[in-house]
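**Q** model this:
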Amino acid sequence: MWENLERLRFSARTLTIKVKYANFQQVTRSLTIEEGLDYEMMKGLLPELLSKTEAGQLAVRLVGVSVSGFNKAELVQQISTQLDLALNDVF
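**A** Okay, the predicted model is just below:
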């Protein structure tokens, strides 16, 4: 996941972890860093977010991790580039 974001030059600001327990209840915890996340920050923050759940006290069925809060200018540029490439392939 992170390699793809770096390759596309996207910078995420929010890291989210979702924990689903064996009883199918789930919790979501997230943290936003204004200056953006890098891989090392993400690795350091994941245990912190997990500690804010009951994982370890309750049996865990599933853990999901996502990043969001991308810079809108980066997204617009990426979409524009993809459209240009797609149109060039057609014509």
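**Q** can you show me the strands along this structure?
**A** For the chain, strands defined by DSSP state E occupy the ranges 14-21, 26-32, 60-68.
**Q** do you know how far the closest residue to Asn23 other than its chain neighbours is from Lys43?
**A** The shortest distance from Asn23 to any non-neighbouring residue, by Cβ to Cβ, 6 or more residues apart in numbering, is to Leu58 (7.5 Å). (Each C-beta comes from the backbone N, C-alpha and C, glycine too.) Applying Cβ to Cβ, to the nearest Å, the value for Leu58 to Lys43 is 24 Å.
**Q** residues touching Thr14, list them.
**A** Residues near Thr14 by Cβ atoms under 8 Å, 6 or more residues apart in numbering: Ser30, Leu31, Thr32, Ile33, Leu37, Val67, Ser68, Gly69.
**Q** excluding chain neighbours, what is closest to it?
**A** Leaving aside its chain neighbours, Thr14 sits nearest to Gly69 (3.8 Å; criterion: Cβ to Cβ, 6+ apart).
**Q** and the one you found, how close does it get to Gln26?
**A** 21 Å.
**Q** on that earlier part again, list the contacts of the residue nearest to Thr14.
**A** The contact partners of Gly69, by Cβ under 8 Å, 6+ apart, come to Ala12, Arg13, Thr14, Thr32.
**Q** now Phe24
**A** Arg61 are the contacts of Phe24 under Cβ under 8 Å, 6+ apart.
**Q** quick one, which of the contacts of Thr14 are buried?
**A** Ser30, Leu31, Leu37, Val67, Gly69 (16 or more other Cβ atoms under 10 Å).
**Q** ok so, going back, closest one of the contacts of Gly69 to Val63?
**A** Using Cβ to Cβ, Thr14 comes nearest to Val63 of the contacts of Gly69, at 17.0 Å.
**Q** could I get the pLDDT score of the closest one?
**A** Listed pLDDT for Thr14 reads 91.
**Q** in the sheet, who's paired with it?
**A** Thr32, Ser68 (DSSP bridges).
**Q** what of the one 4 residues further on?
**A** Beta-bridge partners for Lys18, by DSSP bridges, are Thr28, Gly64.
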